[in-house]
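Visitor: Sequence below, structure please.
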Amino acid sequence: MPEKLNIDLSHEIKKLEILSKRLVSSKFLGMYKSRLRGRGLEFNNFREYTLVDDASLIDWKVSARVNKPIIKEFVQERNLDVFILIDVSSTMVFGSTKKLKNEYVAELAATLAYAVLNVGDNLGYAFFSDNIFNYMAPKSGKNLFYKLSRSIVNPEIYGGNYDLESALKKITESLNRNSVLIIISDFIGLKGDWQKYLERASYKFDVIGIMVRDPRDKDLPENSSMVLIEDPFSSEKLVLDPTEAVRQKYRKYVENQWKILF
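Guide: Model prediction:
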């Protein structure tokens, strides 16, 4: 387990701050309360235009029929509850590129959290491996971003087995109906009745799955003499020669896993 994670949230936040300023000055932000789901203002009624109204809301077809400017009236929808469920199991502490999978996930989760809170929606989150922990029910407040950021860069939270089924059970019981549930995971180590509980979650929430995988999760390296591999859950080790036949079997195994998911 690394003593320190290679995670730079400051760079991502600077980009988000620039984007947010552009969106605030755009009329499109006023039309959509949540950029994540496209919800925003719900049509309520027509009424006559006044000088203090936004001229872009004038309905010209209706106005032509009644021979006076008429605008559409909207009512603002309630804030969304957005919950981010983050995989911190042992398979996430792996990487063959410049960063580990959990380092990419940390930056992604923090970026999403910032965006959710910036548009005024409620944010909740939790981490899961073989257990779900650090559960935070959806609520507003920019301090939630900093709480998530401090927790997700802590190396001590990472490790353990993978139990998506138990995590989905907990979330399905605790979250409000019609929440947005975002699951960030490599989806490696699926077992039990996870599909049943995912279907239940999909019936109750809008579920978004984001898969983060390393190139070695798909294929073994070429032109290598011997490779040491380790089971992330049992720590059992195996030295193998990644011949083309071995690499083909590995790819076939990965393909079968993808068929289960998709």
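Visitor: Next, count neighbours for residue 231.
Guide: Here the count is done by other CB atoms under 10 Å, and residue 231 has 11 residues near it. Any C-beta I mention is one placed from the backbone N, CA and C, and that applies to glycine too.
Visitor: What segments of this protein are helices?
Guide: Read by DSSP state H, the chain holds these helices, from start to end of the chain: 9-24, 27-31, 60-66, 101-118, 143-152, 164-174, 194-204, 244-261.
Visitor: worst-scoring helix or strand of the protein, pLDDT-wise?
Guide: Scoring the helices and strands of the chain by mean pLDDT, DSSP states H and E places helix 27-31 at the bottom, with a mean of 38.
Visitor: Is it correct that residue 197 is in contact with residue 169?
Guide: Yes: counting by CB atoms under 8 Å, residue 197 does reach residue 169; the two are 5.8 Å apart.
Visitor: and residue 136, what does it touch?
Guide: With contacts defined as CB atoms under 8 Å, 6 or more residues apart in numbering, the neighbours of residue 136 are 123-126, 144, 147-148.
Visitor: which among the residues you listed end up buried?
Guide: Neighbour counting by 16 or more other CB atoms under 10 Å classes 123-126, 144, 148 among these as buried.
Visitor: Can you pick out the most distant pair from those?
Guide: Greatest spatial distance in those: 126 and 144, 12.5 Å, computed using CB to CB.
Visitor: Report pLDDT for the nearest residue to residue 159 once chain neighbours are set aside.
Guide: Leaving aside its chain neighbours, residue 159 sits nearest to residue 90 (5.2 Å; criterion: CB to CB, 6 or more residues apart in numbering). Residue 90 carries a pLDDT score of 92 in this model.
Visitor: now swap in the one 3 residues further on and tell me
Guide: Note on residue 93: pLDDT of 92.
Visitor: neighbours of it, just the number please.
Guide: With other CB under 10 Å as criterion, residue 93 counts 18.
Visitor: coming back round to it: export the helices of the chain to JSON lines and tack on distance to residue 188?
Guide: Shown next, in JSON lines, are the helices of the chain (distance: least, CB to CB, whole Å):
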{"stretch": "helix 9-24", "distance to residue 188": "25"}
{"stretch": "helix 27-31", "distance to residue 188": "37"}
{"stretch": "helix 60-66", "distance to residue 188": "54"}
{"stretch": "helix 101-118", "distance to residue 188": "10"}
{"stretch": "helix 143-152", "distance to residue 188": "19"}
{"stretch": "helix 164-174", "distance to residue 188": "10"}
{"stretch": "helix 194-204", "distance to residue 188": "12"}
{"stretch": "helix 244-261", "distance to residue 188": "8"}
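Visitor: residues contacting the residue nearest to residue 159?
Guide: Residue 90 is in contact with 129, 158-162, 232-233, counting by CB under 8 Å, 6+ apart.
Visitor: any idea which of those residues is closest to residue 61?
Guide: Closest approach to residue 61 among the contacts of residue 90 (CB to CB): residue 162, at 55.3 Å.
Visitor: Quick check: chain neighbours aside, which residue is closest to the closest one?
Guide: Nearest residue to residue 162, sequence neighbours excluded (CB to CB, 6+ apart): residue 189, at 3.4 Å.
Visitor: Sweet, I'm off.
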